[in-house]
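Engineer: predicted model, plus sequence, below.
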Amino acid sequence: DAGVIQSPRHEVTEMGQEVTLRCKPISGHNSLFWYRQTMMRGLELLIYFNNNVPIDDSGMPEDRFSAKMPNASFSTLKIQPSEPRDSAVYFCASSLGRALTEAFFGQGTRLTVV
Amino acid sequence: AQSVSQHNHHVILSEAASLELGCNYSYGGTVNLFWYVQYPGQHLQLLLKYFSGDPLVKGIKGFEAEFIKSKFSFNLRKPSVQWSDTAEYFCAVILSGGYQKVTFGTGTKLQVIP
């Protein structure tokens, strides 16, 4: 398996623009997590899905952020409009969503909003 | 709600020194415990995990961790660190049952000086 695949790896955008980050979880995994990592706040869980259903989105910073998982093999995290303070590395992770399993992380998307 | 505490935010050691990074969690039920490592510029990778059985868990690269249920702790240890161990280390917890949400600690940055 290719692991968790995220795209793009790097994104530079201007303030106010819409940004869409993509994630393909490991096949067969039914839990998917979006994390944001910054120097100031460390690793933050934004949202997680189980069987394509959002279970906990309490970490989503504000209404500018939205996430979808239309099917078991694809998820998006959208920021609209983007702001410079959204600059961070965004990680997607997936797991089997049951006991005795760990989460596997993608390579991350480094987002820079100028 | 479950939480994970890593009290050491930044640790600096000389090569060959011994390492112990603290991790405490707040949940009274059955948990699965993990340590992840993030090398500079890379994604999180699993270092070791505890599900059940022997509370002393051995992972990759000479790391080990001990689960002490009475102390709600899962400290990471290595008897002799190397420069290549410079990285950020994250403790994580999954509660057994439910949606298997992964909760991460805030991370500990380890800097090993040659």
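Structural biologist: Yep, that arrived. What you see is a predicted model; the values in this text were computed from it and never measured.
Engineer: so what's the residue nearest to the spatial centre of chain A bridging to?
Structural biologist: Nearest to the mean C-alpha position of chain A, by CA atoms, centre = their mean, lies A:Trp34 at 3.2 Å. Applying DSSP bridges to A:Trp34 gives these bridge partners: A:Ile47, A:Cys92.
Engineer: wait, does the least confident helix or strand in chain B by mean pLDDT contact chain A?
Structural biologist: The helix or strand of chain B with the poorest confidence is strand B:102-104; it has a mean of 83 (mean pLDDT, DSSP states H and E). Yes. Contact of strand B:102-104 with chain A (CB under 8 Å from any CB of the partner chain) involves B:102-104. Bear in mind the C-beta positions are built from the backbone N, C-alpha and C, glycine included.
Engineer: CSV please, covering those and showing neighbour count.
Structural biologist: Shown next, in CSV, are the residues of strand B:102-104 next to chain A (neighbours: other CB atoms under 10 Å in any protein chain shown):
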residue, neighbour count
B:Val102, 23
B:Thr103, 18
B:Phe104, 22
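Engineer: you'd agree A:Ser82 is up against A:Gln17?
Structural biologist: Yes. With contact defined as CB atoms under 8 Å, A:Ser82 reaches A:Gln17; the gap is 5.6 Å.
Engineer: tell me which of those two has more neighbours.
Structural biologist: A:Ser82 (23 against 13; other CB atoms under 10 Å in any protein chain shown).
Engineer: what's the burial count for residue 16?
Structural biologist: Here I'm looking at chain A. Neighbourhood size, A:Gly16 [other CB under 10 Å]: 10.
Engineer: that's the wrong chain, I wanted chain B
Structural biologist: Residues contacting B:Ala16 under the criterion other CB under 10 Å number 10.
Engineer: for the next helix or strand after the least confident helix or strand of chain B, packing partners?
Structural biologist: Proceeding N to C from strand B:102-104, the next assigned helix or strand is strand B:108-113, under DSSP states H and E. If contacts are counted by 3 or more CB pairs under 8 Å, 6 or more residues apart in numbering or on different chains; DSSP states H and E, strand B:108-113 sits against strand B:10-14, strand B:19-21, strand B:87-95.
Engineer: out of those, the one nearest chain A is which?
Structural biologist: Comparison of these against chain A by CB to the nearest CB identifies strand B:87-95 as nearest, at 6.5 Å.
Engineer: out of the residues of strand B:102-104 next to chain A, who's nearest A:Pro61?
Structural biologist: When those are ranked by distance to A:Pro61 (CB to CB), B:Phe104 comes first, at 17.0 Å.
Engineer: what lines up beside the least confident helix or strand of chain B in the sheet?
Structural biologist: Partners of strand B:102-104 in its sheet, by DSSP bridges: strand B:87-95 (antiparallel).
Engineer: residues making contact with the partner strand?
Structural biologist: If you take CB atoms under 8 Å, 6 or more residues apart in numbering or on different chains as the criterion, strand B:87-95 is touched by A:43, A:99, A:101-103, B:2, B:4, B:6, B:21, B:23, B:25, B:27, B:29-40, B:44, B:47, B:74, B:76, B:100-105, B:107-110.
Engineer: where does the chain dip in pLDDT?
Structural biologist: Looking at chain A here, since you left the chain open. By pLDDT under 70, the low-scoring segments of chain A are A:1, A:98-100.
Engineer: actually it's chain B I care about, not the one you picked
Structural biologist: B:1-2, B:96-100.
Engineer: what residues does it put near chain A?
Structural biologist: B:32, B:34, B:36, B:42-46, B:49, B:51, B:90, B:92, B:94, B:96-97, B:99-104, B:106-107.
Engineer: can you do 10 Å?
Structural biologist: B:1, B:6, B:9, B:30, B:32, B:34, B:36, B:38, B:41-46, B:48-49, B:51-52, B:88, B:90, B:92, B:94-107, B:109 (CB under 10 Å from any CB of the partner chain).
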